[in-house]
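[1] this is a predicted model, with the sequence first.
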Amino acid sequence: MDKIIYRFKFSEEFLDILVEFSTIHQHDKSKVFKEAFELFVEKEEEAIALERERLENAGYKGDIIEKMYKSARYYFKNKDRSEDKVNCKKRRVYIKQNKEFIEIIDRNLMFVADLKPSEAFEEFKEKNKQCFEDECLRIGEYLDKQQTYNKIKKTFKNRYFLNRN
């Protein structure tokens, strides 16, 4: 059983030529774009013939020149192919907490009875001053002072609620 193709795509080689044409003429008015496309068809006659043969062999039955024009005019004209389809947001670097530091937090949390998380954190900082400062220095290599403090505080509060359940 033959596989039915619903969307015929241009080859990468031809696509590069068509996208280049589209970006060169992206600011042209419709009439000027159409005239430039007609010149493009004459100039790239050999590449178009190869693409036509490839698409027809794949089963394409439509007007290939019209398909090229529509693709160039409406799809590739304003598209920047150097970017992915989705503008990916750069992920921040994950900084893993030190295992010993987390163990110290957990041990400390076993002895805090009914303190609020913020009070327990303040008590932890006072009782484990050196350990807290060491972790601040270690994380401070990657983050600024406020971000470092917030990260440690958040870790403490997460451990606080994990140990409560």
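    Here it is on my side, so go on. Predicted model only: the values in this text are computed from it and were never measured. Numbers count the residues shown, from 1 in each chain.
[2] show me what the helix ranked longest in the chain is packed against.
    As assigned by DSSP state H, the longest helix anywhere in the chain is helix 145-164. Here helix 145-164 touches helix 99-109, helix 117-127, helix 129-140, going by 3 or more C-beta pairs under 8 Å, 6 or more residues apart in numbering; DSSP states H and E. To be clear about C-beta, it is placed using only N, CA and C from the backbone, and glycine gets the same treatment.
[3] right, so of those, which gets closest to residue 20?
    With C-beta to C-beta, the closest approach to residue 20 among those belongs to helix 129-140: 47.9 Å.
[4] before we move on, the earlier item: quick one: contacts of the longest helix of the chain?
    95, 97, 102, 105-106, 109-110, 117, 120-121, 124, 132, 135-136, 139-140, 143 (C-beta atoms under 8 Å, 6 or more residues apart in numbering).
[5] show me which of the residues you listed are buried.
    97, 102, 105, 109, 117, 120-121, 124, 132, 135-136, 139, 143 (16 or more other C-beta atoms under 10 Å).
[6] which two from those residues end up farthest apart in space?
    109 and 143 (23.9 Å).
[7] which stretches of this protein have low pLDDT?
    1-6, 77-88 (pLDDT under 70).
[8] what domains does the record give for the chain?
    As given by automatic domain parsing, the domain ranges for the chain are 12-76, 99-164.
[9] mind putting these into JSON lines with distance to residue 89?
    Output for the domains of the chain, formatted as JSON lines (distance: least, C-beta to C-beta, whole Å):
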{"stretch": "domain 12-76", "distance to residue 89": "25"}
{"stretch": "domain 99-164", "distance to residue 89": "18"}
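[10] which one of the ones you listed lies nearest to residue 91?
    Using C-beta to C-beta, the nearest of the domains of the chain to residue 91 is domain 99-164, at 13.8 Å.
[11] end-to-end on that closest one?
    From its first residue to its last, domain 99-164 covers 19 Å (C-alpha to C-alpha, to the nearest Å).
[12] starting at the chain centroid, how far to it?
    Between the centre of domain 99-164 and the centre of its host chain there is 32 Å, according to C-alpha atoms, centre = their mean, to the nearest Å.
[13] ditto for stretch 63-74
    30 Å.
[14] also stretch 13-24?
    A distance of 25 Å separates the centroid of the chain from that of stretch 13-24, by C-alpha atoms, centre = their mean.
[15] got the contact list for it?
    Residues contacting stretch 13-24 (C-beta under 8 Å, 6+ apart): 9-10, 36-37, 40, 44, 47-48, 50-51, 68, 71-73, 76-77, 79, 81.
[16] any quick PyMOL command for the buried ones out of those residues?
    Those of those that count as buried under 16+ other C-beta under 10 Å are selected in PyMOL with:
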select buried, resi 10+37+40+44+48+51+68+71+72+73+76+77
